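**Student:** Structure for the following, please:
(3 chains)
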Amino acid sequence: MESGDLTDASEQLQPPRNEPQTETELLARCSVIAGMTLGELAKLAKVKIPKDFKRHKGWAGQLIELWLGAEAGSKPTQDFQHLGIELKTIPVDYQGMPLETTYVCYCPLQGLQGLNWLNSNVFNKLQRVLWLPVQGNRDIAPADRIIGNGFLWSPNANQINVLRNDWEELMEAIVLGNVAQITARMGDALHLRPKAASGQITAEATGDSGTLIQTRPRGFYLRKSFTQQILQQQFGTF
DNA sequence: CCGTGATCATGG
DNA sequence: CCATGATCACGG
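**Tutor:** Got it, this is the predicted structure:
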């Protein structure tokens, strides 16, 4: 190919410069990237592609954010707050099954007066989620992993009940000073796990008899069995 | 084999 | 340190 042929920059697909103004626009952006690989999206956006995710664990999610027009950052709010939508990329295997649990949000350990399910960060984020499956098998290089079809989801009445029960059980234990006794085995759909840069990081919490203790920061995660049901609802049984 | 507990990068 | 984006990797 001679230089100058088919290289007009205006012909090149580029990441959007703004956040989507409507749900329709957001879904249209999903359609654009569906079927493409992470490598193609990275190259078009001039983003360096890691060989693996050992030291780039959030790379795919951040690349998707870029292509959907989500603001980067670490705000404890929905990704598309004006649309009331949270974005979650989810790594799936060749059968479309989740390969990992899904992080929801940080878990507050102090200042819990007045906190309830309906005003919780968990409920806020899970009210409406844009799920975007991405191939995640480790035998596929990051650059070759294909983006799936994103879809909007809201929990049905039964799913809300399960989530609320888990959340209330976990938060009650924290309020009662039992955070140190919580393990990731608690919770049917939603569970609690350490969430920090290392095991040395600490956060304040309430311990036995109301004493102040130092514990590992925790985050809420969705079990694979729960997200698997969501994917099955959308795409059918496997 | 798989889930739990640990860890990595980044921005504020 | 908090909170986001998550995946890694070891022990049961």
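**Student:** which residues touch the nearest residue in space to A:Arg29 that is not next to it in sequence?
**Tutor:** With CB to CB, 6 or more residues apart in numbering as the measure, A:Leu68 is the residue that lies nearest to A:Arg29, at 5.1 Å, once sequence neighbours are left out. (C-beta placed from N, C-alpha, C; glycine too.) By CB atoms under 8 Å, 6 or more residues apart in numbering, the residues touching A:Leu68 are A:16, A:20, A:26, A:29-30, A:33, A:87, A:130.
**Student:** Now the lengthiest helix in chain A: buried residues?
**Tutor:** Counting residues, the longest helix in chain A under DSSP state H turns out to be helix A:157-175. By 16 or more other CB atoms under 10 Å, the buried positions in helix A:157-175 come out as A:159, A:162-164, A:166-167, A:170-171, A:173-174.
**Student:** Please apply the same query to stretch A:200-213.
**Tutor:** In stretch A:200-213, counting by 16+ other CB under 10 Å, buried: A:203, A:205-206.
**Student:** Identify the bridge partners of the residue nearest the centre of chain A.
**Tutor:** With distances taken as CA atoms, centre = their mean, A:Lys88 lies nearest the centre of chain A, 3.6 Å away. Judged by DSSP bridges, the bridge partners of A:Lys88 are A:Trp131.
**Student:** do the one 10 residues further on as well
**Tutor:** As for beta bridges, A:Pro98 partners with A:Val92 under DSSP bridges.
**Student:** Return the residues in contact with it.
**Tutor:** Counting by CB under 8 Å, 6+ apart, A:Pro98 has contacts A:90-92, A:224, A:227-228, A:231.
**Student:** could you dump those residues to TSV with neighbour count, pLDDT and secondary structure?
**Tutor:** Formatted as TSV, these follow (neighbours: other CB atoms under 10 Å; pLDDT from 0 to 100; DSSP: H, G, I helix; E, B strand; the rest coil):
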residue	neighbour count	pLDDT	secondary structure
A:Ile90	25	97	strand
A:Pro91	19	96	strand
A:Val92	22	96	strand
A:Lys224	15	96	helix
A:Thr227	24	97	helix
A:Gln228	17	96	helix
A:Leu231	21	96	helix
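**Student:** Go through the residues you listed and say which is closest to A:Lys46.
**Tutor:** A:Pro91 (23.9 Å; CB to CB).
**Student:** So, low pLDDT: which residues of chain A?
**Tutor:** Chain A contains residues with pLDDT under 70 at A:1-10, A:237-238.
**Student:** A:Gly136 versus the spatially closest residue to A:Ile174 that is not a sequence neighbour, what's the distance?
**Tutor:** In this structure, A:Ile174 finds its nearest non-sequential neighbour in A:Leu109, 6.0 Å apart by CB to CB, 6+ apart. For A:Leu109, the distance to A:Gly136 equals 31 Å [CB to CB, to the nearest Å].
**Student:** Quick check: closest non-adjacent residue to A:Thr206.
**Tutor:** Nearest to A:Thr206 is A:Gly177, by CB to CB, 6+ apart, at 4.4 Å.
**Student:** Dihedrals phi and psi, that neighbour?
**Tutor:** phi 90, psi 20 (degrees, to the nearest 10).
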